[in-house]
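**Student:** all I have is the shape, not the residue letters:
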């Protein structure tokens with residue numbers, strides 16, 4: 001490897017359209033889950049640069065956080081840039097690669113805790129960068145699985161499985177989470193006109209708040225462990241919602257999407273306390289009153305981004321209504337490319 005080489009990687013964020021939460025253990029382990037999601041033109045980025053000072057440094061540019069350590073095989077997990085250090089530790093420990101003096105820099109187009117899978121997408125981007133750096137021949141399933149293991153097993157952070165696979169594969173995917181821990185990613189061949197119309201009618205709205213998704217996910221997991229019938233039934237219905245959404249998009253029955261989103265939102269609120277709150281309910285009601293036919297919180301809930309389906313040019317009235325509340329519309333396009341790495 002030449003000293004002037006720089007490794008870059010990026011991975012797309014995602015919006016969950018249906019089935020969200022059924023990829024979280026122990027529900028997926030007991031009943032199996034399914035989700036329909038799509039990646040969008042917002043990204044997490046990672047850059048690796050060789051340095052000659054015999055140190056390893058980590059810089060989250062968007063968060064203005066920096067950590068530096070002498071060259072070593074294992075770095076402390078202490079609450080400071082743990083995602084970045086966790087990938088480094090995993091690579092050195094499991095893939096027999098020599099520690100190198102380097103600088104790892106990261107950046108994400110949206111804040112963490114926003115509900116678009118930012119943390120997991122960032123881990124995928126970093127894994128991809130290290131795979132390029134060390135010339136490791138990982139396929140998509142392997143990158144996603146490594147990212148999942150780092151975040152959920154090594155670092156013990158609560159969450160599901162969909163984000164790692166969405167960021168790695170890219171596109172519109174129907175994902176199945178089997179009881180034996182197998183994940184199947186089924187890319188959907190959606191006609192361009194249907195995808196274009198879906199993109200036009202979906203409004204992505206940032207509530208200008210973030211949250212710790214792990215807190216809500218832990219409550220959700222506890223409800224399954226305690227056999228909370230209301231919560232488990234809601235997850236069963238969300239799994240049904242993912243199949244309904246897949247059929248509507250593939251057949252071009254786009255007028256049904258708002259109704260399917262609303263159905264899922266009503267179920268999602270039954271999964272755990274904290275998924276919604278008076279502010280989120282007020283935003284949702286304002287969007288529906290302005291012409292949206294359905295919507296949902298993105299990710300675990302409690303804050304972050306929301307999406308709304310706005311047919312027949314109602315997006316403009318919905319945008320106007322939501323602007324008065326104080327949040328921010330975020331422009332996006334669907335993307336069919338997953339994680340990519342390159343050397344310059």
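**Tutor:** Everything's here; your move. Everything numeric here is computed off the predicted structure, so don't read it as measured data.

**Student:** drop to CA atoms for contacts and neighbour counts, all remaining ones
**Tutor:** Noted.

**Student:** tell me, please, the helix or strand in the protein that averages the lowest pLDDT.
**Tutor:** helix 213-225 (a mean of 75; mean pLDDT, DSSP states H and E).

**Student:** tell me the angle the helix or strand following that helix makes with helix 213-225.
**Tutor:** As assigned by DSSP states H and E, the chain's next helix or strand after helix 213-225 is helix 229-251. Between helix 229-251 and helix 213-225, the angle comes out at 110 degrees (axes from the mean of the first three to the mean of the last three Cα atoms, to 10 degrees).

**Student:** I'd like the next helix or strand past helix 229-251.
**Tutor:** Note on helix 229-251: by DSSP H and E, the next helix or strand toward the C-terminus is helix 257-268.

**Student:** and the contacts of that following helix?
**Tutor:** Outside helix 257-268, the residues that touch it by Cα atoms under 8 Å, 6 or more residues apart in numbering are 17-20, 234-235, 237-238, 241, 244-245, 248-249, 275, 292-297, 308-310.

**Student:** residue ranges in the stretch 201-344 of the chain under the pLDDT threshold?
**Tutor:** Applying pLDDT under 70 to the stretch 201-344 of the chain picks out residues 209-215, 300-301.

**Student:** all helices of the protein, in order?
**Tutor:** 27-31, 82-94, 118-133, 140-148, 162-169, 192-201, 213-225, 229-251, 257-268, 278-290, 315-323 (DSSP state H).

**Student:** most residues in a single strand of this protein, which one?
**Tutor:** strand 33-50 (DSSP state E).

**Student:** could you check how far that one is from the centre of its chain?
**Tutor:** Distance of strand 33-50 from the chain centroid (Cα atoms, centre = their mean, to the nearest Å) equals 7 Å.

**Student:** same thing with stretch 80-87?
**Tutor:** With Cα atoms, centre = their mean, you get 18 Å for stretch 80-87.

**Student:** ok, and for it, which residues are buried?
**Tutor:** Going by neighbour count (16 or more other Cα atoms under 10 Å), the buried part of stretch 80-87 is 81-87.

**Student:** report the central residue of this structure.
**Tutor:** residue 117 (2.0 Å; Cα atoms, centre = their mean).

**Student:** do I have it right that it meets residue 13?
**Tutor:** Yes: look at residue 117 against residue 13 with Cα atoms under 8 Å: they come within range, at 6.1 Å.

**Student:** on that earlier part again, pLDDT of the longest strand of the chain, averaged?
**Tutor:** For strand 33-50, mean pLDDT is 97.

**Student:** mind giving me the packing neighbours of that strand?
**Tutor:** Contacts defined by 3 or more Cα pairs under 8 Å, 6 or more residues apart in numbering; DSSP states H and E place strand 33-50 against strand 6-18, strand 102-108, helix 118-133, helix 162-169, strand 172-177, helix 229-251.

**Student:** can I get the ones you listed in a markdown table with mean neighbour count and distance to residue 343?
**Tutor:** Below are the helices and strands packed on strand 33-50 laid out as a markdown table (neighbours: other Cα atoms under 10 Å; distance: least, Cα to Cα, whole Å):
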| stretch | mean neighbour count | distance to residue 343 |
| --- | --- | --- |
| strand 6-18 | 27 | 5 |
| strand 102-108 | 20 | 14 |
| helix 118-133 | 27 | 8 |
| helix 162-169 | 30 | 18 |
| strand 172-177 | 24 | 27 |
| helix 229-251 | 19 | 37 |
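
**Student:** need the ones you listed in JSON lines (columns: distance to residue 67).
**Tutor:** Below are those laid out as JSON lines (distance: least, Cα to Cα, whole Å):
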{"stretch": "strand 6-18", "distance to residue 67": "19"}
{"stretch": "strand 102-108", "distance to residue 67": "10"}
{"stretch": "helix 118-133", "distance to residue 67": "16"}
{"stretch": "helix 162-169", "distance to residue 67": "25"}
{"stretch": "strand 172-177", "distance to residue 67": "36"}
{"stretch": "helix 229-251", "distance to residue 67": "40"}
